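Colleague: Show me the folded form of this:
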Amino acid sequence: MTFRARLVLVLVALAAIPVAVLGLGIRREMTARFDAEANGRVEAAASALRDPFTGEVDAEHRRLESLAADLRGDNRFRVVVGDTNSAERRWLLDWAPVAMREAGMAVLLLQDSRGRILSSGQFRNDYDRIAPGIADAVAQSATHAAVLDARTASGPVRALVTTATFSVGGTRFTLTGGARFDSARIAALSAEPSVSAVLVRSGAPLPDGAVPAVTLPYLDEASDGAVDAARIVLVPDLGPTRELEANVDRWLLITLGVTLILALAAAVLLGRVVASPLVTLSERTEGLDLDRLDQRFASGREDEIGALERTLDALTNRLRTSVSRLRDAERAAVTGDLARQVNHDIKNGLAPIRNVLRHLVQTAEREPDTFAAVFNERKATLESSVEYLDALARNYARLSPTISRGPTDPRPILLDVAHGVSGPKVELNVPDALPSVRADAVVIKRILENVVTNAVEALEGKAGTITIGAEPVGTDGERRVRFTVADTGRGMTREEVKHAFDDFHTTKEGGTGLGLSVVRRLLTDVNGAVHVKTAPGKGTTLTIEIPS
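Modeller: Numbers count the residues shown, from 1 in each chain. Presented below is the predicted three-dimensional model:
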């Protein structure tokens with residue numbers, strides 16, 4: 001991994017991890033606090049529900065007791081129960097429907113001691129049916145009540161029923177009845193507006209956060225009439241809490257995304273700034289063409305040439321050592337200064353965001369009812385901090401230099417670079433004229449000098465040939481100039497080619513590792529491209545194309 005890639009990963013991690021940890025911590029604490037409050041409201045509502053429920057059952061029981069007292073003193077009823085063939089039998093069949101309407105009930109049954117229905121208010125034709133289970137279920141219930149889905153001529157009706165017993169002529173009779181027990185009546189049992197009361201049959205799953213309050217027998221006359229169980233449960237309204245969680249998640253993702261983008265942009269710009277001094281230093285050392293200096297004394301005496309060669313070798317070694325130390329010192333200094341500056345600027349942008357999130361946590365813990373108002377009040381601070389970080393990224397973007405792309409004739413530059421090569425044999429395959437290219441002359445020369453210098457160094461001082469060529473290629477709409485530089489040196493392995501264009505990667509003793517990385521960046525600026533063809537022991541050919 002290159003130095004620039006490692007720098008990008010470190011800065012992105014330093015910026016993103018604290019924001020993610022802080023946001024997730026806030027969400028977790030806020031959710032736990034609101035869930036605990038919702039559970040507290042449900043528990044309180046469950047305790048408060050039992051009194052109104054008991055009051056409703058008692059009211060139904062008193063109405064049934066009143067009806068039982070009326071029947072006990074009615075002579076017609078005495079006649080009917082004493083003689084089943086009495087002419088008053090029709091009156092008894094009509095008694096329950098009339099009494100049910102007058103008492104405001106939805107279900108009313110009159111049964112004898114065997115459970116035989118003598119009169120049914122909700123279904124007149126239900127007389128003489130044996131149904132002892134209804135009264136038995138109510139008698140065995142701890143609440144003295146049951147939920148009954150009674151059949152009627154138009155469909156089932158659900159009622160909360162209780163019973164009252166009385167005796168006439170030594171025979172025991174039972175009245176079973178109650179008002180409609182629909183969802184509206186069940187919901188009215190909850191005294192807490194944010195907590196709903198619902199009826200759930202045995203075996204059915206409970207809603208999220210539900211707390212059972214009352215358990216009742218349940219009978220359904222439309223089925224086999226078996227006694228089951230039903231529960232009145234209290235369910236908190238979790239809608240506002242879940243909506244608040246969604247809003248916090250959305251803002252957390254937005255903040256984290258913006259932080260990652262800004263950190264990535266800052267890291268890329270920082271990598272460029274760090275590499276710039278090293279590129280400049282490499283250009284200065286390339287400008288010292290020691291081979292040309294050596295040629296000036298080629299016609300002199302051999303002893304003087306030898307002395308000059310030894311002096312130049314010593315100077316070269318000292319210069320390489322000094323350049324290496326200076327490069328390390330400059331890289332450390334520039335990296336440290338820029339890292340501190342970027343760290344300082346990013347912290348300035350993150351500090352208000354951290355303060356707002358801490359304030360929101362405190363509000364959620366101490367005054368949750370004011371959380372939405374506080375969030376809207378501090379929302380502007382979050383937005384201004386994000387805008388500051390965005391402006392910071394644009395400011396660092398101005399550190400990138402602007403490259404001129406005016407038309408340039410590459411032929412004289414190519415010939416000048418080729419004539420500057422000393423030592424190995426140079427073969428030129430350059431036509432008399434080449435199209436102009438869209439790149440600055442300095443940029444073209446830097447590209448060609450870096451590539452040719454690499455080719456000369458690949459020969460490692462041994463005899464060899466450097467072949468330099470150029471030709472126009474492409475169609476009229478996409479014409480380019482293709483430059484080729486080939487050497488007969490040792491070539492490169494696949495692993496060496498993989499890292500050849502990385503910053504500070506070199507296989508030569510005393511090398512800077514910036515030659516081909518400079519070529520890659522300069523070609524990127526002028527929309528050019530580079531390709532490598534090589535094999536160990538067979539030399540290397542670099543092909544460069546620049547738009548004309």
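Colleague: Identify the residues contacting residue 128.
Modeller: Going by C-beta atoms under 8 Å, 6 or more residues apart in numbering, residue 128 touches 116, 117. C-beta: built from backbone N, CA, C; applies to glycine.
Colleague: go on, residue 545?
Modeller: Residue 545 neighbours (C-beta under 8 Å, 6+ apart): 473, 480, 481, 482, 483, 528, 529, 530.
Colleague: Filter those down to just the buried residues.
Modeller: For the contacts of residue 545, a neighbour count by 16 or more other C-beta atoms under 10 Å gives the buried set as 480, 481, 482, 483, 528, 530.
Colleague: who's the fourth one bridged to?
Modeller: What it means is residue 483. Beta bridges link residue 483 to residue 470, residue 544 when assigned by DSSP bridges.
Colleague: Can I get the contacts of residue 545 in JSON lines including pLDDT and distance to residue 132?
Modeller: As requested, the contacts of residue 545 are exported to JSON lines (pLDDT from 0 to 100; distance: C-beta to C-beta, whole Å):
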{"residue": "473", "pLDDT": "92", "distance to residue 132": "103"}
{"residue": "480", "pLDDT": "93", "distance to residue 132": "101"}
{"residue": "481", "pLDDT": "94", "distance to residue 132": "106"}
{"residue": "482", "pLDDT": "95", "distance to residue 132": "104"}
{"residue": "483", "pLDDT": "95", "distance to residue 132": "106"}
{"residue": "528", "pLDDT": "90", "distance to residue 132": "98"}
{"residue": "529", "pLDDT": "92", "distance to residue 132": "95"}
{"residue": "530", "pLDDT": "92", "distance to residue 132": "97"}
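Colleague: nearest to residue 312, of those residues?
Modeller: residue 483 (30.3 Å; C-beta to C-beta).
Colleague: wait, isn't that closest one in contact with residue 473?
Modeller: No. Taking C-beta atoms under 8 Å as the definition, residue 483 is not a contact partner of residue 473, at 10.6 Å.
Colleague: Tell me, please, where in the stretch 51-200 of the chain the pLDDT is lower than the cut-off.
Modeller: Applying pLDDT under 70 to the stretch 51-200 of the chain flags the ranges 83-87.
Colleague: ditto for the stretch 201-350 of the chain
Modeller: If you take pLDDT under 70 as the line, the stretch 201-350 of the chain has these spans: 224-225, 238-241, 275-305, 322-345, 347-349.
Colleague: of all the contacts of residue 545, which comes closest to residue 153?
Modeller: Set against residue 153, the nearest of the contacts of residue 545 by C-beta to C-beta is residue 529 (88.1 Å).
Colleague: Run through the residues that contact that closest one.
Modeller: 523, 544, 545.
Colleague: what about the helices in this protein?
Modeller: Assigned by DSSP state H, the helices in the chain fall at 3-72, 75-82, 89-103, 133-140, 183-187, 239-286, 290-296, 302-366, 371-397, 410-419, 441-458, 494-498, 515-525.
Colleague: And residue 433, how close does it get to residue 42?
Modeller: 89 Å (C-beta to C-beta, to the nearest Å).
Colleague: between the two, who's got more neighbours?
Modeller: Legend: neighbour count by other C-beta atoms under 10 Å for residue 433 and residue 42, higher for residue 42 (23 against 8).
Colleague: pretty sure the more buried one is in contact with residue 237, am I right?
Modeller: No. Shown here, residue 42 and residue 237 do not form a contact pair, counting by C-beta under 8 Å, at 10.1 Å.
Colleague: what's the overlap in contacts for those two?
Modeller: residue 195.
Colleague: returning to that earlier point: which of the contacts of residue 545 lies closest to residue 311?
Modeller: residue 483 (35.5 Å).
Colleague: Tabulate the contacts of residue 545 (a markdown table), appending distance to residue 198.
Modeller: Formatted as a markdown table, the contacts of residue 545 follow (distance: C-beta to C-beta, whole Å):
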| residue | distance to residue 198 |
| --- | --- |
| 473 | 78 |
| 480 | 75 |
| 481 | 80 |
| 482 | 79 |
| 483 | 80 |
| 528 | 72 |
| 529 | 69 |
| 530 | 72 |
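Colleague: now the longest strand along the chain, how far from the centre of its chain.
Modeller: If you go by DSSP state E, the chain has its longest strand at strand 157-168. With C-alpha atoms, centre = their mean, to the nearest Å as the basis, strand 157-168 stands 58 Å off its chain's centre.
Colleague: That one - contacts with which helices or strands?
Modeller: Secondary-structure packing of strand 157-168 (3 or more C-beta pairs under 8 Å, 6 or more residues apart in numbering; DSSP states H and E): helix 3-72, helix 75-82, strand 107-111, helix 133-140, strand 146-150, strand 171-178.
Colleague: between the ones you listed, which one is nearest to residue 452?
Modeller: Distance to residue 452, taken as C-beta to C-beta, is lowest for helix 3-72 among those, at 25.8 Å.
Colleague: Between helix 515-525 and that closest one, find me the angle.
Modeller: 60 degrees (axes from the mean of the first three to the mean of the last three C-alpha atoms, to 10 degrees).
Colleague: tell me the angle helix 3-72 makes with strand 146-150.
Modeller: 80 degrees.
Colleague: Can you list the helices and strands that helix 3-72 packs against?
Modeller: helix 89-103, strand 157-168, strand 171-178, strand 195-201, strand 211-220, strand 227-236, helix 239-286, helix 302-366.
Colleague: what sits against the nearest residue in space to residue 437 that is not next to it in sequence?
Modeller: Distance criterion C-beta to C-beta, 6 or more residues apart in numbering; nearest residue to residue 437, sequence neighbours excluded, is residue 546 at 4.6 Å. Residues in contact with residue 546 (C-beta under 8 Å, 6+ apart) are 410, 437, 438, 439, 444, 480, 481, 483, 523, 526, 527, 528.
Colleague: try 7 Å
Modeller: 437, 439, 480, 481, 526, 528 (C-beta atoms under 7 Å, 6 or more residues apart in numbering).
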